[in-house]
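Peer 1: Return a 3D structure for these sequence lines:
(2 chains)
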Number of protein chains: 2
Amino acid sequence: MKDLIPMYVPTFDDVLAAHDRIRPYVHRTPVLTSTYFNELTGAELFFKCENFQKAGAFKVRGASNAVFGLSEDQAKLGVCTHSSGNHALSLSYAAGRRGIPCNVVMPRTAPQAKKDAVRGYGGVITECEPSTSSREAVFAEVQARTGGEFVHPYNDPRVIAGQATCSREMLEQVDGLDAIIAPIGGGGMISGTCLTISSIAPHVKIFAAEPQNADDAYRSFKAGHIIADDAPDTVADGLKVPLKDLTWHFVKNHVTDVLTATEDEIIDAMKLTWKRMKIVMEPSCAVPLATILKNKEIFRGRRVGVVITGGNVDLDNLPWMKG
Amino acid sequence: MKDLIPMYVPTFDDVLAAHDRIRPYVHRTPVLTSTYFNELTGAELFFKCENFQKAGAFKVRGASNAVFGLSEDQAKLGVCTHSSGNHALSLSYAAGRRGIPCNVVMPRTAPQAKKDAVRGYGGVITECEPSTSSREAVFAEVQARTGGEFVHPYNDPRVIAGQATCSREMLEQVDGLDAIIAPIGGGGMISGTCLTISSIAPHVKIFAAEPQNADDAYRSFKAGHIIADDAPDTVADGLKVPLKDLTWHFVKNHVTDVLTATEDEIIDAMKLTWKRMKIVMEPSCAVPLATILKNKEIFRGRRVGVVITGGNVDLDNLPWMKG
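Peer 2: Model (predicted):
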């Protein structure tokens, strides 16, 4: 019966409360523009640089909201989670700032840079195989052993309310946005975007960008119900996880469309962004630009916010160095 | 007798005129900070991000000042120069904006990314061997053939006045700076820094950072006269050129000290900056941070401006990938 328990759906009041709660622990990240990319796409692009965020990714917004919202009694046992990377280190960072324990289950194949960063923030890692089934099994053991509060990487109203503060900032930083596009994996950032946009700027279109090799959100969106893959393979390592009930609620009700890109298109867009914008960002962040480049007619003449979700890339293992 | 012709020494009025002249063609680049690097060094560091500058480097300031200061008659024949890379593409960019020809002599070993960028801006390249002697010989032929106005990469009052606008912006962007540190190759950026600082903030100390493998400025500074190497070898490819009379004038009179770093120290500082600050920058830009890390006692407790000079790195040939 567990799946039938109704989940609390966060409101924009939760976003406002989250923003006040997390402000001491996160950056208001800058928005960058690029003449080169504007000319290349025919759109006006505004890049929200969460790669410059604390802990190197937007996920610190949701993680901080969850950690600093815990009661003293809840906080004593710490927090725990499973994550492909950035949520693990964001939760470790937030727990470290509050001074409470943090246990994380990570796939053994996660980038070494992310594992190092988790440990640097004081998080304790238990490794699992790179599949949803293994991750959930190992996590159940860790949670039972530690008794920590589970902060799901995306299917959690506290996390979604935290991620929603990113698009709230974008609306303050850029006038007259026509659309926002962000990568979609489990759907936390997109759900937060849906929450903010549907509440205070419902005319702004919301696009989710996904690797073709891990296109469960695309297929779910077209089918009208959640389709989950167990172990998709893509260079965009942050986007391998499936939608869950709460994020599906937001995607289903508020997303304009889901667009996909191939591995080569993602890597080309990533390298081109490094080269022209001089910023270090993860492969996942390149998926929105890759989809804009192959769907120029959708975005031409529009003012488009593009979420650069994180910068925790393994510098010794860049995708264009392979093969 | 050529070497005895006195050169015009630019004044702060020239800097103000340059700033007005180049404003439509260059960015007012952001200043970034890093809690991580502040804790690591014990100083407060303010990174002036000229890697985000038009054409990817501070050199567009001086090049634009020279190009847009030409009379119509002078401009007809275009401009020409020799450069290890960034001045070449900055001059090509500025000439392109004015719509005049630009001929550049570049060492055949210059990063492919820089050659591509020069051609992308419309510059015409003639290659030379990677030595000062070869570069000057090939350039003499190109200049005679084209008749273009020679804009020296650093030993030119128009160029130095342009580079000086960078530290003027830093003083506006950061209160209470105690010191500024920048890389030194030929000395254009450092000379511009000296010009601004000695004119409007003479209490601010000026440090020049140099690769130990190309330490002609260090040895010149200690000896009290210019010492030039013909073909030094360093990963910091922008810093191989020697001081000349005009830049030596500024270095000799206004630099507090010249600090050096080894190749390994430069590469480590470069990689650490990419990893922690999520910015793409050239090896040359890492020399200041490398010298701060090995001379912490000089900078501890101080507010220090660090010039990140450029971001035109070859992503297929990163120094930590070698060997």
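
Peer 1: Return the residues of the stretch 101-250 of chain A in contact with chain B.
Peer 2: Proximity of the stretch 101-250 of chain A to chain B, by CB under 8 Å from any CB of the partner chain, involves residues A:A113. C-beta: built from backbone N, CA, C; applies to glycine.

Peer 1: Show me the helices in the stretch 101-250 of chain A, by range?
Peer 2: Along the stretch 101-250 of chain A, the segments classed as helices by DSSP state H, counting those that start in this stretch run A:112-120, A:132-146, A:157-173, A:188-200, A:216-223, A:245-254.

Peer 1: Now mean pLDDT and mean neighbour count too, for the ones you listed, in TSV please.
Peer 2: Shown next, in TSV, are the helices of the stretch 101-250 of chain A (pLDDT from 0 to 100; neighbours: other CB atoms under 10 Å in any protein chain shown):
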stretch	mean pLDDT	mean neighbour count
helix A:112-120	86	19
helix A:132-146	92	15
helix A:157-173	98	25
helix A:188-200	98	26
helix A:216-223	96	19
helix A:245-254	96	19
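
Peer 1: Turn those helices into a markdown table, including distance to B:R168.
Peer 2: Converted to a markdown table, the helices of the stretch 101-250 of chain A look like this (distance: least, CB to CB, whole Å):
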| stretch | distance to B:R168 |
| --- | --- |
| helix A:112-120 | 37 |
| helix A:132-146 | 54 |
| helix A:157-173 | 26 |
| helix A:188-200 | 39 |
| helix A:216-223 | 49 |
| helix A:245-254 | 47 |
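
Peer 1: Can you name the residue of the stretch 1-150 of chain A nearest chain B?
Peer 2: Taking CB to the nearest CB as the measure, the stretch 1-150 of chain A has A:N51 as its residue closest to chain B, at 4.6 Å.

Peer 1: How much space separates that residue from B:A57?
Peer 2: 21 Å (CB to CB, to the nearest Å).

Peer 1: These two: which is more packed in?
Peer 2: Using other CB atoms under 10 Å in any protein chain shown, the more surrounded residue of A:N51 and B:A57 is B:A57, with 31 against 24.

Peer 1: pLDDT at the residue of the stretch 1-150 of chain A closest to chain B, what is it?
Peer 2: At A:N51, the model reports a pLDDT of 96.

Peer 1: a helix runs through it, doesn't it?
Peer 2: Yes - under DSSP: H, G, I helix; E, B strand; the rest coil, A:N51 sits within a helix.

Peer 1: where does the stretch 201-323 of chain A dip in pLDDT?
Peer 2: Applying pLDDT under 70 to the stretch 201-323 of chain A flags residues A:322-323.

Peer 1: That one: strands as residue ranges?
Peer 2: Applying DSSP state E, counting those that start in this stretch to the stretch 201-323 of chain A gives strands spanning A:205-211, A:257-261, A:303-308.

Peer 1: Can I get those in TSV including mean neighbour count?
Peer 2: Shown next, in TSV, are these (neighbours: other CB atoms under 10 Å in any protein chain shown):
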stretch	mean neighbour count
strand A:205-211	26
strand A:257-261	22
strand A:303-308	26
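
Peer 1: can you redo these as CSV with distance to B:S131?
Peer 2: Below are the strands of the stretch 201-323 of chain A laid out as CSV (distance: least, CB to CB, whole Å):
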stretch, distance to B:S131
strand A:205-211, 48
strand A:257-261, 45
strand A:303-308, 42
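
Peer 1: domains for chain A, by residue range?
Peer 2: Under the assignment automatic domain parsing, the domains of chain A span A:2-58+A:156-321, A:60-150.

Peer 1: quick one: the shortest one to chain centroid distance?
Peer 2: Here the centre of mass of C-alpha atoms in domain A:60-150, compared against the chain's by CA atoms, centre = their mean, to the nearest Å, lies 15 Å away.

Peer 1: Could you do stretch A:200-215 as well?
Peer 2: Relative to the chain's own centre, stretch A:200-215 is displaced by 12 Å; criterion: CA atoms, centre = their mean.

Peer 1: now do stretch A:49-63
Peer 2: 9 Å.

Peer 1: before we move on, what about stretch A:284-297?
Peer 2: Taking mean C-alpha positions (CA atoms, centre = their mean), stretch A:284-297 and its chain are 16 Å apart.

Peer 1: same question, stretch A:159-171
Peer 2: For stretch A:159-171, the separation from the chain centroid amounts to 11 Å (computed by CA atoms, centre = their mean).

Peer 1: Wait, A:I180 touches A:G305, no?
Peer 2: Yes - between A:I180 and A:G305 there is a contact at 4.2 Å, judged by CB atoms under 8 Å.

Peer 1: any shared contact partners between those two?
Peer 2: Shared contacts of A:I180 and A:G305, defined by CB atoms under 8 Å, 6 or more residues apart in numbering or on different chains, are found at A:167, A:170.
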